[in-house]
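Sequence and predicted structure below; questions after.
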Amino acid sequence: MPELQPHILMCPPEFYGIHYEINPWMDQRQPADHAVAVRQWNALRAELEACGAAISLLPPVEGLPDMVFTANAALIYRDRAVISRFRHAERRGEQPYAEQWLAQHGFQVQQSPADIFFEGAGDALFCGETLFAGYRIRSDVRGHQEISASLNTQVIAVELVDEYYYHLDTCLCPLDAQSAIYFPDAFDHYGLQVLQERVDQLISVCPEEAQRFACNAVVLGDIVITNTGCPQLHAELKRRGYQPRATPLDEFVKAGGSAKCLTLRLDGEDAASWRKDVP
Ligand code: ARG
């Protein structure tokens, strides 16, 4: 029995769709099937609940189709929430809603540094004591330094080099303080070196499964939830004692997102060492 129930923020896909193109996955000529998207989102939610998570809902807003991707709402650190500042104008309308919800639910909200783009937990993931932060395509490197200084955490910024893996959570997923799933081709030489030095157990995914968003996993204890179509990763995870689970999320892949992007862990990710001493 876990001491703390995982708490996840999700946003129903009522207004979800491919209404603009801000990453190479998005193509307005390939719209999302609304009914299927709703079914897939409900199935992910049901799976998370079945794994013991409590789900809170951020009310969706018409005209903000990417609001379903709550990972980008903020970076959570204990009772603090650093609100995102999106690079693309199309998503900036989401910021006040995330801020309001988090403030009303007990978080001390903090703005991202002025004139700096920062896309929340999509680009900033704790692995043990360290905050790994992705930059260049969405978030700015300067923001990571300032944000980690204000939170008093150690940060390691890694450059993302492939437009398809534009957020760190599309190519890296910490499993615990010593282990992570990653897609090597999404990083430059320096980034790879740092990951290899800092994370004892790195599980790499192949290009075909990276494209299925294998790295965009939700971790709940030893359960790892991904999109379907990641059999090699799942076999490797099983071999290492994890319980991988697949749930179809193709309608969200059309927008460049999958399981992890659709969630924001409010109580701290399992891999974050600070979570262990949350009272
Ligand atoms: N269409 C969204 C965007 O490009 C997808 C966001 C996916 N979120 C994530 N955390 N990777 O911003």
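Good, I have the coordinates.

which secondary structure elements does whatever helix or strand Glu159 lives in contact?
Using DSSP states H and E, Glu159 sits in strand 154-159. Helices and strands touching strand 154-159, by 3 or more CB pairs under 8 Å, 6 or more residues apart in numbering; DSSP states H and E, are strand 130-135, helix 141-151, helix 189-198. For the C-beta atoms, the positions are set from N, CA and C on the backbone; glycine is no exception.

okay, the ones you listed, which one's buried deepest?
Stretch with highest mean neighbour count among those: strand 130-135 (a mean of 24; mean count of other CB atoms under 10 Å).

in this structure, what secondary structure element scores lowest on mean pLDDT?
helix 141-151 (a mean of 94; mean pLDDT, DSSP states H and E).

Now do that helix against strand 130-135, angle only.
Counting by axes from the mean of the first three to the mean of the last three CA atoms, to 10 degrees, helix 141-151 lies at 150 degrees to strand 130-135.

Just list what helix 141-151 packs against, helices and strands only.
Using 3+ CB pairs under 8 Å, 6+ apart, helix 141-151 is in contact with strand 80-83, strand 130-135, strand 154-159.

Which of the helices or strands spans the residue lying closest to His34 once chain neighbours are set aside?
Of all residues not flanking His34 in the chain, Gly17 sits nearest, at 7.0 Å (CB to CB, 6 or more residues apart in numbering). When elements are defined using DSSP H and E, Gly17 is found to belong to no helix and no strand.

Trp101 now?
Trp101 belongs to helix 95-104, assigned by DSSP H and E.

what's the average pLDDT for that helix?
Average pLDDT, helix 95-104: 98.

what's that helix in contact with?
9, 58-59, 61, 64, 67, 70, 73-74, 81, 83-86, 109 (CB atoms under 8 Å, 6 or more residues apart in numbering).

What of stretch 21-38?
By CB under 8 Å, 6+ apart, stretch 21-38 touches 13, 16-20, 88, 90-91, 163-164, 166, 250-256.

re earlier: please tell me how far the residue nearest to His34 sits from the ligand.
From Gly17 across to the ligand, the span is 10 Å (CB to the nearest ligand atom, to the nearest Å).

before we move on, back to that, mind listing the strands the strand holding Glu159 pairs with, and their directions?
strand 130-135 (parallel) (DSSP bridges).

if we look at the partner strand, which residues are touching it?
By CB under 8 Å, 6+ apart, strand 130-135 touches 123-126, 139, 141, 143-144, 148, 151, 153-160, 167-168, 171-172, 174, 195, 198.

do the same with stretch 183-198
Contacts for stretch 183-198 (CB under 8 Å, 6+ apart): 127, 130, 132, 156, 158-162, 164-165, 170-172, 180, 182, 202, 204-205, 207, 210, 214-215.

Show me which of the residues you listed are buried.
127, 130, 132, 156, 158, 160, 162, 164-165, 170-172, 180, 182, 202, 204-205, 210, 214-215 (16 or more other CB atoms under 10 Å).

Strands - which of those residues land there?
Among these, the members falling in strands (DSSP state E) are 127, 130, 132, 156, 158, 172, 180, 182, 202, 204.

that older thread, can you tell me which of the contacts of strand 130-135 are up against the ligand?
Checking these against the ligand by CB under 6 Å from any ligand atom, the ones in range are His167.

for the protein, longest helix please?
helix 34-50 (DSSP state H).

Tell me the helices and strands packed up against the next helix or strand after it.
Sequence order places strand 54-57 as the next helix or strand after helix 34-50, per DSSP H and E. Counting contacts by 3+ CB pairs under 8 Å, 6+ apart, strand 54-57 is packed against strand 7-10, helix 34-50.

So in that sheet, which strands flank strand 54-57, and in what orientation?
Checking strand 54-57 against DSSP bridges gives partners strand 7-10 (parallel).

what about the helix holding Trp101, near the ligand?
No. Helix 95-104 lies out of reach of the ligand by CB under 6 Å from any ligand atom, never closer than 12.9 Å.

Direction included, what does the helix or strand following that helix pair up with?
In the C-terminal direction, the helix or strand that comes right after helix 95-104 (DSSP H and E) is strand 108-111. Here strand 108-111 is paired, per DSSP bridges, with strand 80-83 (parallel).
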